[in-house]
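[1] would you be able to build a 3D model of this:
(one chain, ligands or ions: 2)
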Amino acid sequence: MEQIKIVIAGPRGRMGQEAVKLVNETEHFTLSAVIDKINDGEWFQDQVRTYTNPEQCFAETSPDVLIDLTTPEVGKIHTKLALEHGVRPVVGTTGFQEEDLQELRKLAEEKGIGAIIAPNFAIGAVLMMKFAKMAARYFPDVEIIEMHHDKKLDAPSGTGIKTAEMIYEVRGNKKQGHPEEKETIKGARGGEWNGIHIHSVRLPGLVAHQEVLFGGDGQTLKIRHDSYNRASFMSGVKLSVETVMKIDTLVYGLENIIE
Ligand SMILES: NC(=O)C1=CN([C@@H]2O[C@H](COP(=O)(O)OP(=O)(O)OC[C@H]3O[C@@H](n4cnc5c(N)ncnc54)[C@H](OP(=O)(O)O)[C@@H]3O)[C@@H](O)[C@H]2O)C=CC1
Ligand SMILES: O=C(O)C1=N[C@H](C(=O)O)C[C@H](O)C1
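    Ligands and ions are numbered 1, 2, ... in the order given. So this is what the prediction gives:
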């Protein structure tokens, strides 16, 4: 199998460390360099050079793929620069807005190269979202409760937003709850997107969890996924790296590449 040369941005992070392990343990993956915000020019784990300047990294190491696991602001910049340098991005970083996706999709198409932005790489989470979309046909009243560790920067989570988008595809906009309901504490009903309420819980001890709660006449349905560690995301990262080499457009969401 042909070697895929990979650069990882955010290698010291919770996800970045797992991704470095994945790349080092996968026979047809080669770690070409890492992009960090410190230690420019140092050897990362005695193996590859650390760059703080992504453009210099891409120019000097000519990787095939960038895996970005940083922060929302940094992730957007890295993804754009990668595409401009002909490097295929696989982005786990969350917090991208619709207009960011549009701009990046246009750029990927102009360059004729693949890009994958996946709010959740865990296969179970992707199934949870697909099942939620199926259920929304029969249960249009739904609320999303996403629960994460307390170091998370963005709320709601990328998975929460993606779930709402997938439910919206079949259900459309719908006002839920009492038409005259009023919050006596601001935020009590969570965030609302097209009538879908998303509640974000942040607590130490949690990793990444989500429950999609449907209500109908005299019944409820709960669809829940739990990631207990970051290894749960790695098979999705591997699949994304392999797939991004074969496509020539931007794909948003792993559900679009798994059979
Ligand atoms: N798609 C998915 O399945 C998943 C996505 N995520 C997402 O991945 C992202 C990372 O999550 P997580 O690993 O938990 O976060 P961490 O905070 O643990 O890791 C982020 C890393 O990025 C580094 N960083 C910050 N700025 C830069 C920069 N300019 N260049 C390079 N590196 C930089 C940080 O360094 P420092 O700490 O020094 O600031 C840190 O090491 C988040 O957006 C999260 O939502 C998380 C889990 C699964
Ligand atoms: O920050 C995290 O941890 C996670 N972020 C992603 C998200 O925002 O959905 C994926 C997963 O939930 C873990």
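[2] the spatially most distant residue from the centre of the chain in helix, strand or coil?
    For the chain, the C-alpha lying farthest from the average C-alpha position belongs to E180; by C-alpha atoms, centre = their mean, that distance is 35.6 Å. Counting by DSSP: H, G, I helix; E, B strand; the rest coil, the backbone at E180 sits in coil.
[3] tally of neighbours for the residue in the stretch 101-250 of the chain that ligand 1 sits nearest to?
    Closest residue of the stretch 101-250 of the chain to ligand 1, C-beta to the nearest ligand atom: F121 (3.7 Å). To be clear about C-beta, it is placed using only N, CA and C from the backbone, and glycine gets the same treatment. The local packing of F121 (other C-beta atoms under 10 Å) involves 25 other residues.
[4] where does it sit: helix, strand or coil?
    Per three-state DSSP, F121 ends up coil.
[5] touching ligand 2 at all, the host helix or strand of V212?
    Secondary structure from DSSP states H and E places V212 in strand 208-216. Yes: with C-beta under 6 Å from any ligand atom as the measure, strand 208-216 is seen reaching ligand 2 through A208.
[6] nearest residue to the middle of the chain?
    Geometric middle of the chain (C-alpha atoms, centre = their mean) lands on P119, at 2.1 Å.
[7] check contacts around the residue lying closest to that one once chain neighbours are set aside.
    With sequence-adjacent residues excluded and distances taken as C-beta to C-beta, 6 or more residues apart in numbering, P119 is closest to G158, at 3.2 Å. Residues near G158 by C-beta atoms under 8 Å, 6 or more residues apart in numbering: T94, G95, F96, P119, N120.
[8] once you drop chain neighbours, what's closest to Y168?
    Using C-beta to C-beta, 6+ apart and skipping residues adjacent in sequence, the residue nearest Y168 is N194, 5.2 Å away.
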